[in-house]
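Participant: Just need the structure, nothing else, for what follows:
(2 chains)
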2 protein chains.
Amino acid sequence: MGKNHLSHLYSSESLSAQPSAIRDICALVARPEMRSLAGGWPDAASFPLAEIRRIFDELMAVRGAQILQYGSTEGLRTLRLKLAKRMRNEGVINAKADNLIITHGSAQGMHLAAQVFVDRNDVVLVGLPTYFGGPGAVRSRGGRVVGVPVDRNGMDTAALQQKVKRLKAAGECVKGVYVIPNFQNPTGVTLSLTRRRQLIRLADEYDLVIFEDDPYGELRFEGRRLPSLKSLDETGRVIHLRSLSKTFVPGMRLGWVYGEKGAIRQMVVAKQFADAATNTPAQHILLEFIRQGLLDKQIQDNTSFYLAKRDFMLEQMAHYFPAPVSWNRPQGGFFIFVYLPPGMDAAELYRRAVEHNVAFVTGQPFFVDNSGHNTFRLSYAQAGKEDIEIAIRVLGNLIKDSLPHPKIKKAA
Amino acid sequence: MGKNHLSHLYSSESLSAQPSAIRDICALVARPEMRSLAGGWPDAASFPLAEIRRIFDELMAVRGAQILQYGSTEGLRTLRLKLAKRMRNEGVINAKADNLIITHGSAQGMHLAAQVFVDRNDVVLVGLPTYFGGPGAVRSRGGRVVGVPVDRNGMDTAALQQKVKRLKAAGECVKGVYVIPNFQNPTGVTLSLTRRRQLIRLADEYDLVIFEDDPYGELRFEGRRLPSLKSLDETGRVIHLRSLSKTFVPGMRLGWVYGEKGAIRQMVVAKQFADAATNTPAQHILLEFIRQGLLDKQIQDNTSFYLAKRDFMLEQMAHYFPAPVSWNRPQGGFFIFVYLPPGMDAAELYRRAVEHNVAFVTGQPFFVDNSGHNTFRLSYAQAGKEDIEIAIRVLGNLIKDSLPHPKIKKAA
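Facilitator: As a prediction, this is how the structure comes out:
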């Protein structure tokens, strides 16, 4: 039997689907000798182990049967009430539990949203660069993604408007915009308030859905928290996607979607056939964690924890990276994005770094137009100080070696 | 803001999606005074509460950080090795972990399989009647389902062949067959060995994929265990879907898919964008549960537990149901399917039963051709003895009252 002997029966989306480029890197990174700045996983040292252990034990002692039974497709109502309250505290007026579905992570939120809104050949606009969860979900529906440049203020809304106009004039069905407004993956940049308002206006003007993916927003190190697109949304066009992976723990696979009631109901129907319901014990543990006031404390702790790591990495970069290299200073989240001088290839740097047991993620896979060859992403989330220091030093030296005018004294 | 003001932007699948008919019933059934034979949920009295509580505590004590971290998309390798071993013990020669992906329940398994194999307008054949998870997943891809009669030996393979021939002759793209071979939901019937072999032959002859959904197979009360379609499959056409919801606990949302390597790899890619990975603690708890030899014991316990319930319900039915009503004697699983005399309407019976605080599920929603109006499904899985006895008596009386020649002495 051939390895792929059913491939002639695959769906068109499956035939064209590409695995996430990060997967191959992760396999490599699993090698114990590797100093990796690649993965976007949280540092397990930040997990509230004792609290989760205690909460599960207490729950099982008093109502284990309920904890382990199926739950409703939309999720535990008591938890949805708590999360709706959090949305109100974040400025979403009158947020209600009926506008909210609990999902297996924000990845599932985006997948369900794509199922509800994306038809074959529909166009969704995404950042250049962007995390590939959004494009992956759109493509899994046969939809297409078109890139819009991202600068230091986030997605360029003027460029967005031009793209939408041109696409609509060409007869394309433009359905929406996928945007990560806070500490974007991979660039770490935040969408400015002005652009948030412009994006909302453009969505109204051009009849678009906004898929607002916000897994990092609560991990803000500095600067003022900006209102979410959802809180600025007066016409119900924003589908707001959240994750508990960076503020609670990732292994529980918890997230939620907040949106207009009709769309949420459609997502509930889609989820019935996608996986029936979200893991029940995970929901109960989170609910107790919130009830006991631990989530806000956890978010504070995580913020300090990752701030220290960001600062340390920025220090090392300032020290070791040569002048023509530039990068941003993220106000939160996990990522720093690096620009090599134009013409320099981050993939070549990657190959040489791996020989020195250092890993990162090249930027190009985050660009849906296949550009960005001179960029790469660094994460300070998971690595320890020693690994960060050594990896940045190695990268700095490799970059110096590759510059058009190398130093006279090369490494022996 | 209108309730459905985004509906003009919905995908075509979303516009035509229907929520599961059972959902409305479940809302009704939640009323405390209701004696329900409706739901297909396991009885929480069967859950291994103490063992799960102990295992989680032990795991958290020694490697909590690992337990709560993201896992790989395909699932924990150690668990996949254990499950592959179970497949080998069930007659799937040389079953390997690489052929296996862990999913959020068998619902997700079918959803991923549909994503890999079903294009818009592709046809998948399903039982008349069938559980609607399969049809729901196919329709979520824009595929269509065509029904094939199910009799006491399961899906009628001769009728299947005729349907496939006719559909192919009409130029339809027939992609596969969705079948629940053991103690089918809703009929409780089992596909005979002869038909299993025929089904495999037909799949080879007509180039079809078989989606073998087997959540109940391990709960066999009597009779010889039949080989799975997967174990009879020499050409890799069977995608074998399994659930832990009926043998372990449903709230953990665990299942797996076993199939040809290329197709499994495609499902892994699809899962990356569907929800990234399966809940990690659930996988570790199950792995420990298996390692400690508890899963096989649990399956034995559950089998005895549900056998006693089946027998009790069959006794009550024999006592209270009038002669023109017929039903099957399931050799395992959760369900008994009831046929009222032709022309009698199970929906009318349902309305009257609810007035007496008794609930069940009408058969019609399980028939994709909208037939089956004289059928209904009873589940003995969740109800206690008293509820079963009273509910069956009430139903028997209501049916007697509805028969063309009612007894002379009607209930006062």
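Participant: First-to-last residue distance for stretch A:315-331?
Facilitator: End-to-end distance for stretch A:315-331, by C-alpha to C-alpha, to the nearest Å: 15 Å.
Participant: again with stretch A:235-244
Facilitator: Termini of stretch A:235-244 sit 27 Å apart (C-alpha to C-alpha).
Participant: quick one: that stretch to chain centroid distance?
Facilitator: Between the centre of stretch A:235-244 and the centre of its chain there are 14 Å (C-alpha atoms, centre = their mean, to the nearest Å).
Participant: in it, what counts as buried?
Facilitator: Neighbour-count burial for stretch A:235-244, counted by 16 or more other C-beta atoms under 10 Å in any protein chain shown, picks out A:G236, A:R237, A:V238, A:I239, A:H240, A:L241, A:R242, A:S243, A:L244. C-betas here are computed from N, CA, C, even on glycine.
Participant: residues in contact with that stretch?
Facilitator: A:83, A:87, A:92, A:105-106, A:109-110, A:113, A:117, A:200, A:203-204, A:208-215, A:228-230, A:232, A:252, A:254-260, A:263, A:286, B:1, B:5-6 (C-beta atoms under 8 Å, 6 or more residues apart in numbering or on different chains).
Participant: same deal with stretch A:119-126?
Facilitator: Outside stretch A:119-126, the residues that touch it by C-beta under 8 Å, 6+ apart are A:114, A:118, A:134-135, A:138, A:141-148, A:160, A:163-164, A:167, A:172-179, A:211, A:368, B:11-13, B:120, B:142.
Participant: is chain B contacted by stretch A:69-85?
Facilitator: Yes - looking at stretch A:69-85 against chain B by C-beta under 8 Å from any C-beta of the partner chain, the contacts come from A:Q69, A:Y70, A:G71, A:S72, A:T73.
Participant: Quick one: residues contacting the last one.
Facilitator: Which is A:T73. A:I101, A:V268, A:K271, A:Q272, A:A276, A:A277, B:R23.
Participant: run the last query once more with 7 Å
Facilitator: A:V268, A:K271, A:Q272, A:A276, A:A277 (C-beta atoms under 7 Å, 6 or more residues apart in numbering or on different chains).
Participant: My understanding was that A:Y131 contacts A:G188; is that so?
Facilitator: No - in this structure, A:Y131 is not within contact of A:G188 by C-beta atoms under 7 Å, at 11.5 Å.
Participant: residues touching the spatially closest residue to A:R220 that is not a sequence neighbour, list them.
Facilitator: Leaving aside its sequence neighbours, A:R220 sits nearest to A:G332 (C-beta to C-beta, 6 or more residues apart in numbering or on different chains; 4.0 Å). Neighbouring residues of A:G332 by C-beta under 7 Å, 6+ apart: A:N182, A:F183, A:Y216, A:L219, A:R220, A:F221.
Participant: and of those, the nearest to A:V62?
Facilitator: A:L219 (33.1 Å; C-beta to C-beta).
Participant: Not counting sequence-adjacent ones, nearest residue to the closest one?
Facilitator: A:G332 (4.8 Å).
Participant: Kindly provide the distance from the one you found to chain B.
Facilitator: 20 Å (C-beta to the nearest C-beta, to the nearest Å).
Participant: pLDDT score assigned to that residue?
Facilitator: Note on A:G332: pLDDT of 98.
Participant: coming back round to it: among the contacts of stretch A:235-244, the buried ones, what's the PyMOL command?
Facilitator: Selection of buried members from the contacts of stretch A:235-244 for PyMOL, criterion 16+ other C-beta under 10 Å:
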select buried, (chain A and resi 83+87+92+105+106+109+110+113+117+200+203+208+209+210+211+212+213+214+215+228+229+230+232+252+254+255+256+257+258+259+260+263+286) or (chain B and resi 6)
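Participant: among the contacts of stretch A:235-244, which are in helices?
Facilitator: A:83, A:87, A:105-106, A:109-110, A:113, A:117, A:200, A:203-204, A:229-230, A:232, A:263, A:286 (DSSP state H).
Participant: unless I'm mixing things up, A:G75 is touching A:I101, no?
Facilitator: Yes - here A:G75 lies in contact with A:I101, judged by C-beta under 7 Å, at a distance of 6.1 Å.
Participant: Can you pick out the residue with more neighbours from these two?
Facilitator: Shown here are A:G75 and A:I101; by other C-beta atoms under 10 Å in any protein chain shown, A:I101 has more neighbours (27 against 24).
Participant: List the contacts of that one.
Facilitator: Counting by C-beta under 7 Å, 6+ apart, the residues that A:I101 touches are A:E74, A:G75, A:W256, A:V257, A:I264, A:M267, A:V268, A:K271.
Participant: can you check A:W327 too?
Facilitator: Contacts of A:W327 by C-beta under 7 Å, 6+ apart are A:M317, A:I336, A:F337, A:V338, A:Y339.
Participant: same thing with A:A113?
Facilitator: When contacts are taken as C-beta under 7 Å, 6+ apart, A:A113 is in contact with A:F211, A:I239, A:V257, A:M267.
Participant: With pLDDT as new columns, can the residues you listed be given to me in JSON lines?
Facilitator: Putting the contacts of A:A113 into JSON lines (pLDDT from 0 to 100) gives the following:
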{"residue": "A:F211", "pLDDT": "98"}
{"residue": "A:I239", "pLDDT": "98"}
{"residue": "A:V257", "pLDDT": "98"}
{"residue": "A:M267", "pLDDT": "97"}
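Participant: now, which of those lie within strands?
Facilitator: A:F211, A:I239, A:V257 (DSSP state E).
Participant: what pairs with the second one across the strands?
Facilitator: By that I understand A:I239. A:F211 (DSSP bridges).
Participant: circling back: out of the contacts of stretch A:119-126, which are buried?
Facilitator: In the contacts of stretch A:119-126, the ones that pass as buried (16+ other C-beta under 10 Å) are A:114, A:118, A:134-135, A:138, A:141-148, A:160, A:163-164, A:167, A:172, A:174-179, A:211, A:368, B:11, B:13, B:120, B:142.
Participant: Mind checking what helix or strand follows the helix or strand bottoming out on mean pLDDT in chain A in sequence?
Facilitator: The helix or strand of chain A with the poorest confidence is helix A:21-29; it has a mean of 66 (mean pLDDT, DSSP states H and E). Toward the C-terminus, helix A:21-29 is succeeded by strand A:35-36 as the next helix or strand (DSSP states H and E).
Participant: Is any residue of the strand ranked longest in chain A near chain B?
Facilitator: Secondary structure of chain A per DSSP E: the longest strand is strand A:144-151. No - between strand A:144-151 and chain B, judged by C-beta under 7 Å from any C-beta of the partner chain, nothing touches; the nearest distance is 12.3 Å.
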